[in-house]
Every structure is written in C-alpha cells, then in structure tokens.
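[1] next come a sequence and a model predicted from it.
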Amino acid sequence: METIKVLLVEDEEDIREMVHFNLFKERYEVLLASDGQAALDIATNENPDLIVLDVMIPKIDGFEVCRTLKKGIETKKIPIIMLTAKGEEEDVIKGLEVGADDYITKPFSPKVLLARIKAVLRRTKTVLKGSKSVFTINDLKIDHLKRKTFIKDKEINLTYTEFQILHLLAQKSGWVFTRGQIVDSIRGENHAITDRSVDVQIVNLRKKMGEQGNMIETVRGVGYRFKENLVT
C-alpha cells in the first residue's frame, strides 16, 4: 500500500507533536515545518500528498504560503487544510480565497482532523476521476465538451455562466467555493460576473435543476458547495 505523505506546518510545539503522533498512528508519512519558508521549501522539494497549514506561523504566514503554493506549477494541485482560530470567519474566507481546500478551527480533536484529511484526499481522487469530459453525479450528467447538462436524461438549458458555475461546483463536490473564487473562474473566460450576481445565478440554477437543485448548498458566510457524492 502506497504511503501518503502529509506536510504539517505548525509552530506551536504541543499541537505539532499531538498531530504528528496521531498522523503517525494512522501510518501517514509526516513531514514537519514550523515556519512559512520551511513549508515552501519542503512542499517544493518533497511534493506531499496533502498539507495541514496553520495560519499564524513565523516568517511567511499561512495565507501567503497557500497562495504561493497554489500558483506553483508543481505544487498547485496539493490539497491544503488550513488551521484557523476559533470564530475567525474572515480567516476562513481568506483561506478559501487563496486556494485552501478545507479548514478546521482551533481547538480541534485529532479524530476530527483525521476525518477531514481522509475526506479531502477522497475528494481529490474523485476530482481526478471526474476530470473526463462527461461525468455523472446521481441523476445529473454533465458533458463538458458539448456544454450540455442532463437530469434523468432530460436536457436542461443553462446559460454559459450557469453551466460554468455548475461544472465548477459539481466537479469538486464537497469543496466549498467562495463567491470570489466562483467569480475568478468565470472571469477566466472573459464573462462579466460579480460577487452579488453569483447569488442570482445560483438561484436560477436551483430552479432549473428542480429537485436536484438541493445538491447546491449554501455555506453561510462563506459561499457554496455541491453535496459530496461519488462522481462516475
């Protein structure tokens, strides 16, 4: 069985040792860094399967580390779970906006962190499997090349922007996207859309999808996600 390599970036020694111990028990290979510069160096050289990244670390903070890694050709696909202070909603939003794949607030139990790690790794594998031109989730089928969407084999007519948003959310089911991330995805195709209009597009999508519209979930104070389901 292939060993999964996890980079833990945490400057608080007690937390670092606690997480290290629990990851080791689960047979993960654990790499350790206590500051942002070390995190960048290790991530670039070792190419871990996942990074657990604290926000408040010396030299380079977690947000900048995450932003840099997500821009790197060799590191942009490494999933990152950010550790944030309890109740700091702005940190959660900022972390997601710079590319974090998930977050967990301190204090946390080792069981919760391990569950999040397994979920993110599972979602990452699902995304890779679902990167083909046609994929299905329950009764929903999306043909990316033909830009067509079907529910129970019946085509639903979506605008370009609606299709882009649906494809983004569905292909990464379970992942939370901020409005800013959704905007950036659409802007990549030079189509005008704002944070506020994202909400309108989501409303329209849900209506057109009927009962399947409840697969698009609102994450209060953050953005939207597609219910986590297996992509086939």
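    Cool, got the structure. All figures in this text were calculated on a predicted structure; none of them were measured in a lab.
[2] per-domain residue ranges of this structure.
    The chain breaks down into these domains under automatic domain parsing: 5-128, 130-226.
[3] mind putting the ones you listed in TSV, mean pLDDT included?
    What follows is these, written out as TSV (pLDDT from 0 to 100):
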stretch	mean pLDDT
domain 5-128	90
domain 130-226	82
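[4] any chance of those in TSV, with mean neighbour count too?
    C-betas here are computed from N, CA, C, even on glycine. Converted to TSV, those look like this (neighbours: other CB atoms under 10 Å):
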stretch	mean neighbour count
domain 5-128	18
domain 130-226	16
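[5] Glu29 pairs with what?
    For Glu29, the beta-bridge assignment (DSSP bridges) gives partners Lys5.
[6] roughly how far apart are it and Gln164?
    With distances taken as CB to CB, to the nearest Å, Glu29 is found 38 Å from Gln164.
[7] likewise Ser173?
    As for Ser173, its distance to Gln164 is 16 Å (criterion: CB to CB).
[8] now do the helices in the chain.
    Taking DSSP state H as the criterion, the chain contains helices spanning 13-25, 36-46, 62-71, 89-97, 110-129, 160-171, 179-187, 195-209.
[9] in a markdown table, list those helices along with distance to Glu228.
    As requested, these are exported to a markdown table (distance: least, CB to CB, whole Å):
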| stretch | distance to Glu228 |
| --- | --- |
| helix 13-25 | 23 |
| helix 36-46 | 26 |
| helix 62-71 | 21 |
| helix 89-97 | 16 |
| helix 110-129 | 7 |
| helix 160-171 | 11 |
| helix 179-187 | 18 |
| helix 195-209 | 17 |
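[10] among the ones you listed, which is nearest Glu217?
    Proximity to Glu217, assessed across the helices of the chain by CB to CB, is greatest for helix 160-171 (9.3 Å).
[11] so that closest one versus helix 110-129, what angle?
    130 degrees (axes from the mean of the first three to the mean of the last three CA atoms, to 10 degrees).
[12] now find how far off-centre helix 160-171 is within its chain.
    Here the centre of mass of C-alpha atoms in helix 160-171, compared against the chain's by CA atoms, centre = their mean, to the nearest Å, lies 15 Å away.
[13] helices and strands around it, which ones?
    Contact analysis of helix 160-171 by 3 or more CB pairs under 8 Å, 6 or more residues apart in numbering; DSSP states H and E lists strand 134-137, strand 140-143, helix 179-187, helix 195-209, strand 223-226 as its packing neighbours.
[14] thanks again, I'm all set now.
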